[in-house]
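A predicted structure for the sequence below; I have some questions about it.
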Amino acid sequence: MWIKVPTSQMMDTEDTQNVTELALALAKNAIAAAIKSMEEAENPIKNIDWITQGEFTEERGRKQIEKFISNWEYQRHWVHYTEFLKTEDVIHGRHYIYHVHWSIPTARRPIARTTASVYFTIKINTNKPPDTPIDVSYVFESHSLVHRPGTTHFQEKCLRDIIEAKYILMNSNIFQFNRVRIFQNI
C-alpha cells in the first residue's frame, strides 16, 4: 500500500488557493460595507431629540412617539393612531407601553378590516439622573426584532406584510368554516 505524501508544490497550490479565497471574501465584505455606508450617507437614519426622564409624562411620551413616527417614510394613504396602553413596574424603574395602530382606509372601506400594530416601550430607570434621555424601543406586531430609534430605517413593507398575513388568515379561515357550513349564510 502506497501513501501519497503531499509535495511542496501541492502544498503551495493549496496555500495559494486558500489565500485567494480569503482575499476574495475580504474584498466582498469591504465592498458590501462601502455600499452600506454610501446608502446611509444618501439616506441617513432619522431620529429625534428625545426628552429626559425628568421631563417625561405619559402624554409627552405619546407625543414624542408621534414626532418620531412623523420622520418615517411611508405612503400617505396609511393612517395611524397612538395610544398609551399600560405601565409595568420593574426592578429599578417603570416601562410605559404604547400601541400604534396602522391601517389603510379606502373610500369603499373607510374602516379598515385589519390593522398592523407597532408597540413602543419607554423605559424609565430610577437609578439614573433626571437629565438622562429616556430609553425607547419598539417592535412590530408578530416580529421579535427589537428596534431602537436612530439605529434602523423604517420599512413600510413590515406593515404591509402584517396586514397581508392577516388577510390571508382571515380568508383561509372563512373558506374552511364554509366547508363545514358554519358560515352558510355569509
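That came in fine, so what should we check first? Residues are numbered from 1 along each chain as shown.

Any stretches of this structure with poor pLDDT?
Applying pLDDT under 70 to the chain flags the ranges 1-13, 33-41, 173-186.

Show me how the record splits the protein into domains.
Domain assignment for the chain by the TED database gives 16-45, 53-174.

gap between the longest one and the chain center?
With CA atoms, centre = their mean, to the nearest Å as the basis, the distance from the averaged C-alpha position of domain 53-174 to the chain average is 10 Å.

quick one: the nearest residue to residue 158 once chain neighbours are set aside from residue 27, how far?
Of all residues not flanking residue 158 in the chain, residue 140 sits nearest, at 4.9 Å (CB to CB, 6 or more residues apart in numbering). C-betas here are computed from N, CA, C, even on glycine. Distance, residue 140 to residue 27, using CB to CB, to the nearest Å: 35 Å.

What segments of this structure are helices?
8-42, 58-69, 156-179 (DSSP state H).

Mean neighbour count added to the domains of the chain, as TSV?
Below are the domains of the chain laid out as TSV (neighbours: other CB atoms under 10 Å):
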stretch	mean neighbour count
domain 16-45	10
domain 53-174	14
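
got a list of what the residue nearest the centre of the chain touches?
In the chain, the residue lying closest to the centroid (CA atoms, centre = their mean) is residue 147, at 5.2 Å. By CB atoms under 8 Å, 6 or more residues apart in numbering, the residues touching residue 147 are 137-140.

can you pull the contacts of residue 69?
80, 82, 100.

Just put those residues in TSV and tack on distance to residue 159.
Shown next, in TSV, are these (distance: CB to CB, whole Å):
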residue	distance to residue 159
80	9
82	14
100	10
